[in-house]
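*Asks:* give me coordinates for this.
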Amino acid sequence: MAARITELVLDCTDPERLATFWGEVLGYEVLDRDEDSVEIGPPDKRTTLLFLRNSDRKLQKLRLHIDVRATDREQKDELERLLALGATHADIGQGDDVSWYTLHDPEGNEFCLLSGRADP
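*Replies:* A predicted model of the protein is given here:
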């Protein structure tokens, strides 16, 4: 028997703000919240994201990041949607000849928008 990832926990200064951003990005709903955390996930609750309040600010590039793909639109259209939600472009040395976009979420955490589409 193997283990499986059930939650991905992200320390952040504003759990509500980050949960709202990632909920919109992924189409996830709020599953639980208290004054120091917000958990979001898909309806099947298979793998969730937990945003946990931490007063420490991010100071360097993350060693683990999230990759996303659009499900119902082209990559450029999804990029526009993510930027409108509060993402910003990130330069971490990836160069101009890559097939993905590197972005920051509202708290500066890196994530990538990959090319192609994922099943909804």
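*Asks:* from here on, just use CA atoms for contacts and neighbour counts.
*Replies:* Fine.
*Asks:* and residue 50, that's in a strand?
*Replies:* Yes - with DSSP: H, G, I helix; E, B strand; the rest coil as the criterion, residue 50 is part of a strand.
*Asks:* which residue packs closest to it, ignoring adjacent ones?
*Replies:* residue 39 (4.3 Å; C-alpha to C-alpha, 6 or more residues apart in numbering).
*Asks:* contact partners for the one you found?
*Replies:* The contact partners of residue 39, by C-alpha atoms under 8 Å, 6 or more residues apart in numbering, come to 19, 30, 31, 32, 33, 48, 49, 50, 51.
*Asks:* what of residue 42?
*Replies:* The neighbours of residue 42, taking C-alpha under 8 Å, 6+ apart as the test, are 27, 28, 29, 48.
*Asks:* filter these down to the buried ones, PyMOL style.
*Replies:* With 16 or more other C-alpha atoms under 10 Å as the criterion, this PyMOL line picks the buried residues out of the contacts of residue 42:
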select buried, resi 28+29+48
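*Asks:* closest to residue 115 out of the contacts of residue 42?
*Replies:* Relative to residue 115, the closest of the contacts of residue 42 is residue 27; by C-alpha to C-alpha it sits at 18.6 Å.
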